[in-house]
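Peer 1: predicted model follows, preceded by the sequence.
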Amino acid sequence: MLLRPLPGLVLAASLAGSLGAPAARAQPDAPPVAAPQQPVSAERLPIKLRRLAALLAQDGAVRIVAFGSSSTEGAGASSPAMAYPALLERDLKERLQIGASSLRSVTVINRGKGGDTSEAMARRLVRDVLAERPDLVVWQTGSNDPLAGVPLERFVELTRAGLLAIRATGADVVLMDQQWCRKLSGLQGAERYGEALHALAAELGVPVIRRHALMQSWISHGLMTPAQMIGPDGLHMTDAGYRQLAKAAAAQILVGAGLIQPSLARN
């Protein structure tokens, strides 16, 4: 069966050429949430992920693509089931009370590839992301570009074009910024890519999962030690780190869908 052309495919296609150890203190699970039966005031719960909110309100099937590099693929995890996309699917199902007999469904597709820069992700955006016809894309990016020497301006150009291509299909999109780790912290200029990602997100009104700040807060609040959060290579997260990341991502996604208050998102 032929797929109908997706808006934004031409734009996206043009890009192709151009813890092992347990946490120090367990974090309590957030309570489950359900889609509101009546519309909720936009002043109280602003909705940034409108497609997702509409599908959940209708008990629809939700397809999420986790797009990114090794942090999405699951480098450092003990198994694919401990990569953050798999844990995100589990956490969302638990929070949304999705069981075998539920009308709702949530599927998270892992499209992470280790070592990918913005250049490499642009080349596979159509095949690995848009072809899946996602309702939401969680795009983790900005870590490998400074490591590989991709010019900052090129990173911004490709990320902006990718965001616009995703949105042109009608899908929602959320960005995820750099991890907080020794390898990136010691690289001069790496922080500029994170700053550029946040500036671009503000410009386009894209929510951001602030992984860098979250990881710092987990340390400062005693949820885990750096060694429990980041593996021996000084770059990739452990099972415990991915577990915390999935919880935070699930909470922020539900905030974006207007299902929980920002103040109740447990990170």
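Peer 2: Looks like it came in fine. In this text the structure is predicted, and so the values were computed from the model without any measurement.
Peer 1: assign a three-state SS to the residue sitting nearest the centre point of the chain, would you?
Peer 2: In the chain, the residue lying closest to the centroid (C-alpha atoms, centre = their mean) is residue 138, at 3.5 Å. Here residue 138 is recorded as strand under DSSP: H, G, I helix; E, B strand; the rest coil.
Peer 1: now swap in residue 255 and tell me
Peer 2: Applying three-state DSSP: residue 255 is helix.
Peer 1: next one: it from residue 102, what distance?
Peer 2: 22 Å (C-beta to C-beta, to the nearest Å). For every residue, glycine as well, the C-beta is placed using N, CA and C.
Peer 1: ok, those two, which is more surrounded?
Peer 2: residue 255 (21 against 12; other C-beta atoms under 10 Å).
Peer 1: correct me if wrong: that one contacts residue 262.
Peer 2: Yes: Residue 255 is within contact range of residue 262, at 5.2 Å (criterion: C-beta atoms under 8 Å).
Peer 1: can you pull out the helices in this protein?
Peer 2: 9-17, 50-57, 70-73, 84-95, 118-128, 144-148, 152-168, 182-185, 190-204, 211-220, 226-229, 239-256 (DSSP state H).
Peer 1: specify the stretch among these that is closest to residue 107.
Peer 2: Closest approach to residue 107 among the helices of the chain (C-beta to C-beta): helix 84-95, 6.8 Å.
Peer 1: which other helices and strands does the closest one contact?
Peer 2: The contact analysis (3 or more C-beta pairs under 8 Å, 6 or more residues apart in numbering; DSSP states H and E) places helix 84-95 against strand 61-68, helix 70-73, strand 105-112, helix 239-256.
Peer 1: now render these as JSON lines, adding mean pLDDT and distance to residue 53.
Peer 2: Below are those laid out as JSON lines (pLDDT from 0 to 100; distance: least, C-beta to C-beta, whole Å):
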{"stretch": "strand 61-68", "mean pLDDT": "97", "distance to residue 53": "10"}
{"stretch": "helix 70-73", "mean pLDDT": "94", "distance to residue 53": "24"}
{"stretch": "strand 105-112", "mean pLDDT": "96", "distance to residue 53": "13"}
{"stretch": "helix 239-256", "mean pLDDT": "95", "distance to residue 53": "8"}
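Peer 1: now the ones you listed in TSV, with distance to residue 168?
Peer 2: Shown next, in TSV, are the helices and strands packed on helix 84-95 (distance: least, C-beta to C-beta, whole Å):
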stretch	distance to residue 168
strand 61-68	15
helix 70-73	22
strand 105-112	18
helix 239-256	19
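Peer 1: tell me which of these sits nearest to residue 175.
Peer 2: Among these, strand 61-68 comes nearest to residue 175, with 9.9 Å by C-beta to C-beta.
Peer 1: just how off-centre is that closest one within its chain?
Peer 2: 9 Å (C-alpha atoms, centre = their mean, to the nearest Å).
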